[in-house]
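Enquirer: I'll drop the sequence and a predicted model, then ask my questions.
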Amino acid sequence: MRNHSRKNTGFSLLEVAIALMVLGVLSTVLLESTLIIQKRMQMHTTQERMEMILASLAAYTLRHSRLPAPDKSAVQDENAYIGTVPYEELGLAPYMVRDGWNQPIIYAVEESLTKTTRLMSAQGESLQEDLKQAFCNITKTSLRPSTTAEMSHVEDPSRVVAVVLYSSAGNSLCIEELFNGAVLKMDTAQKGIVRWISRDVLMAAYGHLPCQQTGGDAERPPASPSDGTRVF
């Protein structure tokens with residue numbers, strides 16, 4: 001008598017379902033890992049470009065004894081200029097002033113630091129003295145994060161905020177949502193990447209030519225790059 005039974009070499013529906021479920025889990029894990037890596041790269045790119053912008057701002061100040069105003073899209077609000085980074089004036093390529101999400105980096109600058117004039121005379125005054133008499137003598141400013149005290153009456157005017165750089169990190173934010181006059185709204189800013197820096201840190205850490213200190217601070221060592229700077 002012949003045996004008509006035969007082996008089942010196919011997959012059951014249960015086995016197929018389990019295989020699909022495993023593939024789905026692996027795909028989800030892979031996608032999440034890819035997104036995490038991509039975000040880290042975008043943040044790293046943004047921070048690198050902010051570093052380049054700060055170095056370029058310091059170099060510009062050494063040449064002109066003032067900071068540049070933002071580009072033509074800038075608005076002036078309570079003694080601060082707010083707009084985008086003036087890449088042509090700084091000699092940067094257009095992509096260098098965009099963040100890792102390919103969005104423009106917002107640039108806010110204390111207005112008084114954009115209007116100092118070059119005082120170097122034909123008698124050969126040093127650049128250090130030139131900076132001290134103009135750019136380094138500003139003590140009353142308005143630009144600040146909402147988490148810091150009013151800057152007009154601080155005991156150490158060397159720490160007044162000169163520049164704020166901001167990346168929305170892919171979020172949809174307009175300048176009006178980010179600033180209240182010259183005050184950076186930190187509750188909103190923490191949704192992205194924000195960096196601010198004092199005048200003296202900008203010159204000491206990025207321009208390698210610190211402003212001269214007077215009085216009790218005369219012997220204070222140059223500020224470190226992290227002094228006066230916050231990154232979220």
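Expert: Right, received. Where do you want to start? Numbering: from 1, shown residues only.
Enquirer: Flag the helix or strand of this structure with the lowest per-element mean pLDDT.
Expert: The least trusted helix or strand in the chain, going by mean pLDDT, DSSP states H and E, turns out to be helix 127-133, with a mean of 58.
Enquirer: Below-threshold pLDDT in the chain: ranges please.
Expert: 1-10, 73, 118-133, 149-158, 212-232 (pLDDT under 70).
Enquirer: can you map out the strands along the chain?
Expert: 75-76, 80-84, 106-110, 144-145, 161-167, 179-180, 183-184, 193-198 (DSSP state E).
Enquirer: wait, what's in contact with the residue nearest the centre of the chain?
Expert: Residue closest to the average C-alpha location in the chain (Cα atoms, centre = their mean): Leu165, at 3.5 Å. Shown in contact with Leu165 (Cβ atoms under 8 Å, 6 or more residues apart in numbering): 50, 53-54, 85, 105-108, 194-196. Just so you know, the C-beta spots here come from the backbone N, C-alpha and C atoms, and that holds for glycine as well.
Enquirer: With distance to Ala69 added, can I get the strands of the chain in TSV?
Expert: Converted to TSV, the strands of the chain look like this (distance: least, Cβ to Cβ, whole Å):
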stretch	distance to Ala69
strand 75-76	9
strand 80-84	5
strand 106-110	7
strand 144-145	18
strand 161-167	12
strand 179-180	16
strand 183-184	18
strand 193-198	17
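Enquirer: The ones you listed: which one's closest to Ile138?
Expert: Nearest to Ile138 among these is strand 106-110; the distance by Cβ to Cβ comes to 7.5 Å.
Enquirer: Go through the closest one and flag the buried ones.
Expert: Residues of strand 106-110 classed as buried by neighbour count (16 or more other Cβ atoms under 10 Å): 106-110.
Enquirer: picking up where we left off before, so which of the strands of the chain gets nearest Ala59?
Expert: strand 161-167 (13.5 Å).
Enquirer: ok now the closest one, how far from the chain's centre?
Expert: In terms of Cα atoms, centre = their mean, to the nearest Å, the centre of strand 161-167 is set 6 Å apart from its chain centre.
Enquirer: angle of it against strand 106-110?
Expert: Strand 161-167 and strand 106-110 are oriented at 170 degrees to each other (axes from the mean of the first three to the mean of the last three Cα atoms, to 10 degrees).
Enquirer: For strand 161-167, which strands pair with it and how are they oriented?
Expert: strand 106-110 (antiparallel), strand 193-198 (antiparallel) (DSSP bridges).
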